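Mind looking at a prediction? Sequence and model below.
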Amino acid sequence: MIKDLFVEGQQCPFGLDVGHPDFGWSFRSSQRRSVKQTAYRIIVSGTQEEVQDGTAGIWDSGEIRSARNMHIPYEGKPLESRKRYYWKVQVRDQDNVLSESAVSWWQMGLLRSSDWLAQWIGTPEIGPDADAGSIPLFRNEFTVDRPLAGAVLYICGLGHYELRLNGLKVGQRVLDPGWTHYDKSCLYAVHDVTGLLRQGQNALGAIVGNGFYNVTGGRYTKFKHSFGRPKCLIQLELSYTDGSKAFVTSSGEWMTACAPLTFSCMYGGEDYDARLEQDGWDLP
(Lines give C-alpha, C1' and ligand atoms only; values in the text may rest on other atoms or scores of the structure.)
Protein backbone atom coordinates (compact mmCIF):
# COMPACT_ATOMS: atom_id res chain seq x y z
CA MET A 1 0.00 0.00 0.00
CA ILE A 2 2.78 2.46 0.90
CA LYS A 3 5.03 3.32 -2.06
CA ASP A 4 7.57 6.11 -1.50
CA LEU A 5 8.79 7.90 1.63
CA PHE A 6 9.76 11.58 1.62
CA VAL A 7 11.66 13.85 4.00
CA GLU A 8 11.36 17.54 3.13
CA GLY A 9 9.79 16.42 -0.17
CA GLN A 10 12.80 14.30 -1.17
CA GLN A 11 13.56 10.59 -1.17
CA CYS A 12 16.62 9.82 1.01
CA PRO A 13 17.87 13.43 1.12
CA PHE A 14 21.55 13.90 1.83
CA GLY A 15 22.64 16.91 3.87
CA LEU A 16 19.47 18.36 5.43
CA ASP A 17 19.98 21.23 7.84
CA VAL A 18 16.37 21.43 9.00
CA GLY A 19 15.90 20.79 12.71
CA HIS A 20 12.29 19.60 12.34
CA PRO A 21 11.96 18.09 8.84
CA ASP A 22 8.59 17.23 7.32
CA PHE A 23 7.64 13.60 6.56
CA GLY A 24 5.39 12.31 3.82
CA TRP A 25 4.54 9.17 1.87
CA SER A 26 2.66 8.08 -1.22
CA PHE A 27 0.56 5.03 -1.99
CA ARG A 28 0.71 2.45 -4.75
CA SER A 29 -2.34 1.17 -6.58
CA SER A 30 -3.79 -2.17 -5.50
CA GLN A 31 -6.68 -4.41 -6.37
CA ARG A 32 -8.65 -2.88 -3.52
CA ARG A 33 -10.57 0.23 -4.47
CA SER A 34 -11.35 3.31 -2.36
CA VAL A 35 -8.79 2.48 0.31
CA LYS A 36 -8.44 5.33 2.80
CA GLN A 37 -5.82 5.99 5.43
CA THR A 38 -7.36 6.43 8.87
CA ALA A 39 -4.21 6.42 11.05
CA TYR A 40 -0.42 6.46 10.85
CA ARG A 41 2.62 5.85 13.05
CA ILE A 42 6.15 7.15 12.27
CA ILE A 43 9.19 5.36 13.75
CA VAL A 44 12.66 6.95 13.67
CA SER A 45 15.90 5.47 14.94
CA GLY A 46 19.66 5.76 14.55
CA THR A 47 20.10 2.30 13.03
CA GLN A 48 18.35 0.38 10.29
CA GLU A 49 18.09 -2.72 12.48
CA GLU A 50 16.18 -0.90 15.21
CA VAL A 51 13.65 0.49 12.75
CA GLN A 52 13.13 -2.92 11.15
CA ASP A 53 12.41 -4.34 14.62
CA GLY A 54 9.99 -1.51 15.35
CA THR A 55 12.24 0.13 17.94
CA ALA A 56 12.03 3.93 17.92
CA GLY A 57 15.28 5.05 19.50
CA ILE A 58 14.84 8.63 18.29
CA TRP A 59 11.10 9.25 17.84
CA ASP A 60 7.83 7.33 17.90
CA SER A 61 4.84 9.41 16.89
CA GLY A 62 2.47 6.83 18.31
CA GLU A 63 -0.62 5.92 16.32
CA ILE A 64 -2.25 9.15 15.13
CA ARG A 65 -5.84 9.07 13.90
CA SER A 66 -5.52 11.06 10.70
CA ALA A 67 -5.77 10.78 6.91
CA ARG A 68 -2.82 13.17 6.55
CA ASN A 69 0.20 11.82 4.66
CA MET A 70 2.25 14.94 3.83
CA HIS A 71 4.00 17.74 5.76
CA ILE A 72 4.04 15.94 9.10
CA PRO A 73 6.75 17.58 11.23
CA TYR A 74 9.37 15.64 13.16
CA GLU A 75 8.87 16.02 16.91
CA GLY A 76 11.54 13.75 18.39
CA LYS A 77 14.93 14.19 20.03
CA PRO A 78 17.21 17.00 18.75
CA LEU A 79 18.85 15.95 15.49
CA GLU A 80 22.64 15.93 15.18
CA SER A 81 24.89 17.27 12.46
CA ARG A 82 26.20 14.72 9.93
CA LYS A 83 24.17 11.84 11.36
CA ARG A 84 22.09 9.43 9.27
CA TYR A 85 18.60 8.57 10.55
CA TYR A 86 16.40 5.65 9.53
CA TRP A 87 12.61 5.64 9.52
CA LYS A 88 9.44 3.91 8.41
CA VAL A 89 5.71 4.47 8.64
CA GLN A 90 2.80 2.22 9.51
CA VAL A 91 -0.62 3.06 8.06
CA ARG A 92 -4.05 1.74 9.03
CA ASP A 93 -6.97 1.83 6.57
CA GLN A 94 -10.73 2.08 7.04
CA ASP A 95 -10.96 -1.72 7.46
CA ASN A 96 -8.33 -1.62 10.24
CA VAL A 97 -5.79 -3.33 7.96
CA LEU A 98 -2.24 -2.32 8.90
CA SER A 99 0.39 -1.68 6.19
CA GLU A 100 4.07 -0.99 6.78
CA SER A 101 6.60 0.75 4.53
CA ALA A 102 10.13 -0.32 3.77
CA VAL A 103 12.88 1.37 5.80
CA SER A 104 14.19 4.66 4.41
CA TRP A 105 16.75 7.21 5.62
CA TRP A 106 17.93 10.78 5.51
CA GLN A 107 21.27 12.35 6.48
CA MET A 108 21.79 15.63 8.25
CA GLY A 109 24.04 18.44 7.09
CA LEU A 110 25.85 20.96 9.28
CA LEU A 111 23.47 22.49 11.80
CA ARG A 112 25.81 24.82 13.68
CA SER A 113 28.28 27.43 12.49
CA SER A 114 30.92 25.73 14.65
CA ASP A 115 30.64 22.64 12.41
CA TRP A 116 32.37 24.61 9.65
CA LEU A 117 36.16 24.36 9.87
CA ALA A 118 36.78 25.72 6.37
CA GLN A 119 37.66 29.33 5.53
CA TRP A 120 36.28 31.43 2.70
CA ILE A 121 38.88 31.78 -0.05
CA GLY A 122 38.86 34.15 -3.01
CA THR A 123 41.09 35.66 -5.62
CA PRO A 124 43.92 37.84 -4.31
CA GLU A 125 43.97 41.57 -4.91
CA ILE A 126 44.02 42.20 -8.64
CA GLY A 127 47.08 44.00 -9.94
CA PRO A 128 46.91 46.83 -12.46
CA ASP A 129 47.89 44.55 -15.35
CA ALA A 130 45.37 41.79 -14.54
CA ASP A 131 41.97 41.40 -16.16
CA ALA A 132 39.32 42.21 -13.56
CA GLY A 133 36.83 40.00 -15.42
CA SER A 134 38.88 36.82 -15.12
CA ILE A 135 37.23 33.88 -13.34
CA PRO A 136 39.31 32.06 -10.68
CA LEU A 137 40.39 28.45 -10.38
CA PHE A 138 41.12 27.01 -6.93
CA ARG A 139 43.14 23.88 -6.27
CA ASN A 140 44.44 21.74 -3.40
CA GLU A 141 46.12 18.34 -3.06
CA PHE A 142 45.72 15.94 -0.13
CA THR A 143 46.57 12.35 0.76
CA VAL A 144 44.32 9.40 1.61
CA ASP A 145 46.63 7.11 3.54
CA ARG A 146 44.22 4.53 5.01
CA PRO A 147 41.16 2.55 3.85
CA LEU A 148 38.14 4.84 3.64
CA ALA A 149 34.74 4.15 5.16
CA GLY A 150 33.19 7.25 3.60
CA ALA A 151 33.78 10.82 2.46
CA VAL A 152 31.35 13.75 2.49
CA LEU A 153 32.02 17.12 0.88
CA TYR A 154 30.28 20.42 1.73
CA ILE A 155 30.62 23.38 -0.64
CA CYS A 156 29.36 26.89 -1.25
CA GLY A 157 30.70 28.82 -4.23
CA LEU A 158 29.67 32.42 -4.85
CA GLY A 159 28.32 33.18 -7.42
CA HIS A 160 28.21 29.74 -9.17
CA TYR A 161 30.78 26.98 -9.29
CA GLU A 162 31.84 23.68 -10.80
CA LEU A 163 33.57 21.34 -8.37
CA ARG A 164 36.22 18.86 -9.60
CA LEU A 165 37.78 15.89 -7.81
CA ASN A 166 40.59 13.90 -9.44
CA GLY A 167 39.64 15.22 -12.87
CA LEU A 168 35.90 14.48 -12.62
CA LYS A 169 32.95 16.76 -12.02
CA VAL A 170 31.28 16.27 -8.63
CA GLY A 171 27.49 15.96 -8.92
CA GLN A 172 25.12 16.74 -11.78
CA ARG A 173 23.93 20.17 -10.73
CA VAL A 174 24.47 23.42 -12.60
CA LEU A 175 23.99 27.00 -11.37
CA ASP A 176 24.67 25.97 -7.77
CA PRO A 177 24.04 27.49 -5.26
CA GLY A 178 20.56 28.92 -5.58
CA TRP A 179 20.15 32.68 -5.65
CA THR A 180 19.70 34.40 -2.29
CA HIS A 181 20.27 37.81 -0.73
CA TYR A 182 23.91 36.94 -0.22
CA ASP A 183 24.59 39.25 2.70
CA LYS A 184 21.83 37.45 4.62
CA SER A 185 22.14 33.80 3.61
CA CYS A 186 24.19 31.51 1.36
CA LEU A 187 23.20 27.99 0.36
CA TYR A 188 25.57 25.03 0.37
CA ALA A 189 25.50 21.59 -1.27
CA VAL A 190 26.50 18.21 0.15
CA HIS A 191 28.03 15.34 -1.87
CA ASP A 192 29.03 11.78 -1.06
CA VAL A 193 32.39 11.58 -2.86
CA THR A 194 33.63 8.25 -1.47
CA GLY A 195 33.69 6.67 -4.92
CA LEU A 196 35.79 9.46 -6.45
CA LEU A 197 38.69 9.18 -4.00
CA ARG A 198 41.67 6.86 -4.23
CA GLN A 199 44.53 5.73 -2.03
CA GLY A 200 47.46 8.12 -2.18
CA GLN A 201 47.40 11.61 -3.67
CA ASN A 202 44.11 13.30 -4.59
CA ALA A 203 43.25 16.76 -5.91
CA LEU A 204 40.28 19.07 -5.38
CA GLY A 205 39.57 21.85 -7.84
CA ALA A 206 36.85 24.46 -8.25
CA ILE A 207 36.08 27.02 -10.92
CA VAL A 208 33.98 29.84 -9.46
CA GLY A 209 31.99 32.25 -11.60
CA ASN A 210 30.18 35.49 -10.89
CA GLY A 211 26.53 34.49 -11.05
CA PHE A 212 24.25 36.99 -9.37
CA TYR A 213 26.83 37.41 -6.62
CA ASN A 214 28.92 39.72 -8.78
CA VAL A 215 27.05 41.25 -11.73
CA THR A 216 29.69 43.29 -13.49
CA GLY A 217 27.68 44.47 -16.49
CA GLY A 218 29.45 44.83 -19.81
CA ARG A 219 27.72 43.98 -23.06
CA TYR A 220 24.24 44.13 -21.59
CA THR A 221 23.07 45.24 -18.16
CA LYS A 222 19.65 44.65 -16.68
CA PHE A 223 20.82 44.67 -13.08
CA LYS A 224 24.23 45.61 -11.74
CA HIS A 225 25.31 44.93 -8.21
CA SER A 226 28.22 43.21 -6.53
CA PHE A 227 28.64 41.55 -3.15
CA GLY A 228 32.32 41.04 -3.97
CA ARG A 229 34.68 38.96 -6.09
CA PRO A 230 33.95 35.21 -6.49
CA LYS A 231 34.85 33.04 -3.52
CA CYS A 232 34.19 29.58 -2.15
CA LEU A 233 33.95 27.53 1.03
CA ILE A 234 34.89 23.81 0.81
CA GLN A 235 34.99 21.18 3.55
CA LEU A 236 35.79 17.52 2.84
CA GLU A 237 35.34 15.11 5.75
CA LEU A 238 37.12 11.74 5.49
CA SER A 239 36.01 8.82 7.68
CA TYR A 240 38.43 5.89 7.85
CA THR A 241 37.63 2.27 8.61
CA ASP A 242 39.73 2.43 11.79
CA GLY A 243 37.30 5.01 13.21
CA SER A 244 39.51 8.06 12.72
CA LYS A 245 38.56 11.20 10.77
CA ALA A 246 40.41 13.79 8.73
CA PHE A 247 39.36 17.14 7.26
CA VAL A 248 40.41 18.85 4.03
CA THR A 249 39.27 22.47 4.17
CA SER A 250 39.64 25.56 2.05
CA SER A 251 42.27 27.92 3.45
CA GLY A 252 45.00 30.35 2.47
CA GLU A 253 47.21 27.40 1.56
CA TRP A 254 45.14 26.63 -1.54
CA MET A 255 46.43 27.64 -4.98
CA THR A 256 44.58 29.99 -7.33
CA ALA A 257 44.95 31.04 -10.97
CA CYS A 258 42.89 32.56 -13.75
CA ALA A 259 40.52 30.25 -15.62
CA PRO A 260 40.09 30.23 -19.41
CA LEU A 261 36.89 32.23 -18.83
CA THR A 262 38.02 35.81 -19.25
CA PHE A 263 34.52 37.32 -18.95
CA SER A 264 31.38 36.09 -17.23
CA CYS A 265 28.08 37.87 -16.66
CA MET A 266 24.57 36.56 -16.03
CA TYR A 267 23.24 38.86 -18.76
CA GLY A 268 26.23 39.21 -21.06
CA GLY A 269 27.36 35.58 -21.37
CA GLU A 270 30.95 34.35 -21.26
CA ASP A 271 34.23 34.69 -23.14
CA TYR A 272 36.45 31.61 -23.32
CA ASP A 273 40.13 31.61 -24.29
CA ALA A 274 41.40 28.05 -24.89
CA ARG A 275 45.01 29.30 -24.74
CA LEU A 276 44.59 29.72 -21.01
CA GLU A 277 43.62 26.07 -20.39
CA GLN A 278 45.85 24.34 -17.82
CA ASP A 279 45.74 20.61 -18.48
CA GLY A 280 45.60 18.60 -15.28
CA TRP A 281 44.80 21.53 -13.00
CA ASP A 282 42.21 19.33 -11.22
CA LEU A 283 44.44 16.23 -11.01
CA PRO A 284 47.14 15.33 -8.46
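Received, thanks. Residues are numbered from 1 along each chain as shown.

if you average pLDDT over stretch 87-102, what comes out?
Stretch 87-102 shows a mean pLDDT of 94 in the predicted model.

which residues touch it?
Residues outside stretch 87-102 that contact it (CB atoms under 8 Å, 6 or more residues apart in numbering): 1-2, 5, 7, 23, 25, 35-45, 51-52, 63, 69, 103-106. In this view, the C-beta of every residue, glycine as well, is placed from N, C-alpha and C.

buried subset of these?
Among these, those classed as buried by 16 or more other CB atoms under 10 Å are 1-2, 5, 7, 23, 25, 35, 37, 39-45, 51, 69, 103-106.

okay, how far is it across stretch 187-206, tip to tip?
17 Å (CA to CA, to the nearest Å).

Just the buried residues of that stretch, please?
Within stretch 187-206, the residues that count as buried by 16+ other CB under 10 Å are Tyr188, Ala189, Val190, His191, Val193, Leu196, Leu197, Asn202, Ala203, Leu204, Gly205, Ala206.

tell me the pLDDT at the last one?
Note on Ala206: pLDDT of 97.

same check, this time on the first one
Residue-level confidence at Tyr188 comes out at 95, pLDDT.

isn't it right up against Gly178?
No: using CB atoms under 8 Å, Tyr188 is not in contact with Gly178, being 10.3 Å away.

in this protein, which residue is closest to the centre?
Val190 (2.2 Å; CA atoms, centre = their mean).

distance of Ala257 from Thr123?
Going from Ala257 to Thr123 by CB to CB, to the nearest Å gives 9 Å.

And Leu187, by the same measure?
Leu187 is 21 Å from Thr123, by CB to CB.

residues in contact with the nearest residue to Ser45 once chain neighbours are set aside?
Nearest residue to Ser45 in three dimensions, chain neighbours excluded: Gly57, at 4.1 Å (CB to CB, 6 or more residues apart in numbering). Residues counted as contacts of Gly57 (CB under 8 Å, 6+ apart) are Val44, Ser45, Gly46, Thr47, Glu50.

so Asp176 is in which element?
Following DSSP states H and E, there is no helix or strand that holds Asp176.

Give me the pLDDT value at it.
Asp176 is given a pLDDT of 92.

show me what contacts it?
With CB under 8 Å, 6+ apart, Asp176 has these contacts: Gly157, His160, Tyr161, Leu187, Ala189.

One more: Ile2?
Trp25, Ser26, Phe27, Arg28, Val89, Val91, Ser99, Glu100, Ser101.

just the buried members of the residues you listed?
Trp25, Val89, Val91, Ser99, Ser101.

Distance to Gly268 for these - can I get that in JSON lines?
Listed next are the buried ones among the contacts of Ile2 as JSON lines, based on distance: CB to CB, whole Å:
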{"residue": "Trp25", "distance to Gly268": "46"}
{"residue": "Val89", "distance to Gly268": "50"}
{"residue": "Val91", "distance to Gly268": "54"}
{"residue": "Ser99", "distance to Gly268": "56"}
{"residue": "Ser101", "distance to Gly268": "50"}
